[in-house]
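Peer 1: need a structure here:
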Amino acid sequence: MRACNASSRRSLLILAFGLLILLVASLTQAQDGGAAITDDQVNAIARQMFCPVCENEPLDVCMTAACIRWREDIRGQLAAGRTESQIIADFVARYGERASATPLDPTLRGLSVYVPWLIAGALLLGGVGVFWRWRSTQRHVPTAPPADHPPVEAADEAAYRATLERDLKD
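Peer 2: Below you'll find the model as predicted:
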């Protein structure tokens, strides 16, 4: 009977230990809010927002206390199941248009996104046009010497060569 008692105690101890592990695992999962929100998910949204304290500093790289709180707020909203656009709209509603990296108004967003590309394209086309014009004028350069310079005679060339060779020998 003693052997049976030790065996049942061991079984109960293993069962109790297994239940304790399951309890700790479920508490850890409850603290995380189910699925863990990664820093990459938070920074993907924070990259589209600006720091409330620093001038033109993206929220994902700023290390001020306000930005850390904002990133934790984003993490909490992601855990609550809100989408990226809902989170950004919430921050804009609470803190104003300055919180968002791009305007929420579709017209202003289009202007802020497409106008720089249009300007860069126009500058590129202008540069290509100037280069093309410069290149075409380079082709038409006359190869004959101008009329106001007399042609070099063979005697002058021979005298020049002799002077040059004499100077080199000295």
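Peer 1: counting contacts, what elements does the top helix by length along the chain pack onto?
Peer 2: If you go by DSSP state H, the chain has its longest helix at helix 106-139. Using 3 or more CB pairs under 8 Å, 6 or more residues apart in numbering; DSSP states H and E as the contact test, no helix or strand touches helix 106-139. Every residue, glycine included, has its C-beta placed from N, CA and C.
Peer 1: buried ones in that helix?
Peer 2: Across helix 106-139, burial judged by 16 or more other CB atoms under 10 Å covers no residue at all.
Peer 1: From the chain's centroid, how far away is it?
Peer 2: Its chain's C-alpha centre and that of helix 106-139 lie 23 Å apart, by CA atoms, centre = their mean, to the nearest Å.
Peer 1: cool, and stretch 76-87?
Peer 2: 23 Å.
Peer 1: How far does that stretch stretch from one end to the other?
Peer 2: From its first residue to its last, stretch 76-87 covers 10 Å (CA to CA, to the nearest Å).
Peer 1: backbone phi and psi for the residue nearest the centre of the chain, please?
Peer 2: In the chain, the centroid-proximal residue (CA atoms, centre = their mean) is R47; its distance is 8.9 Å. R47 has phi and psi values of phi -60, psi -20 when expressed as degrees, to the nearest 10.
Peer 1: quick one, phi/psi of the nearest residue to it once chain neighbours are set aside?
Peer 2: Computed as CB to CB, 6 or more residues apart in numbering, the closest residue to R47 that is not its neighbour in sequence is D60, at 4.5 Å. Taking degrees, to the nearest 10, you get phi -70, psi -20 for the backbone angles of D60.
Peer 1: which residues touch D60?
Peer 2: With contact taken as CB atoms under 8 Å, 6 or more residues apart in numbering, D60 is in contact with 42-43, 46-47, 71.
Peer 1: rewinding a little: average pLDDT for the longest helix of the chain, rounded please.
Peer 2: Per-region confidence: helix 106-139 scores 87 on mean pLDDT.
Peer 1: Alpha carbons only: can I get the helix or strand just after that helix in PDB?
Peer 2: The helix or strand immediately downstream of helix 106-139 is helix 154-169, counting by DSSP states H and E. The C-alpha coordinates for helix 154-169 follow below in PDB (Å, rounded to 0.1, in the frame of the first residue of the first chain):
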ATOM      1  CA  ALA A 154      56.700  75.400 -93.600                       C
ATOM      2  CA  ALA A 155      59.700  77.700 -93.200                       C
ATOM      3  CA  ASP A 156      58.300  79.200 -90.000                       C
ATOM      4  CA  GLU A 157      57.700  75.700 -88.700                       C
ATOM      5  CA  ALA A 158      61.200  74.600 -89.400                       C
ATOM      6  CA  ALA A 159      62.700  77.700 -87.700                       C
ATOM      7  CA  TYR A 160      60.500  77.100 -84.700                       C
ATOM      8  CA  ARG A 161      61.500  73.400 -84.500                       C
ATOM      9  CA  ALA A 162      65.200  74.300 -84.800                       C
ATOM     10  CA  THR A 163      64.900  76.900 -81.900                       C
ATOM     11  CA  LEU A 164      63.100  74.300 -79.800                       C
ATOM     12  CA  GLU A 165      65.700  71.600 -80.300                       C
ATOM     13  CA  ARG A 166      68.500  74.100 -79.600                       C
ATOM     14  CA  ASP A 167      66.800  75.200 -76.300                       C
ATOM     15  CA  LEU A 168      66.300  71.600 -75.300                       C
ATOM     16  CA  LYS A 169      70.000  70.700 -75.800                       C
END
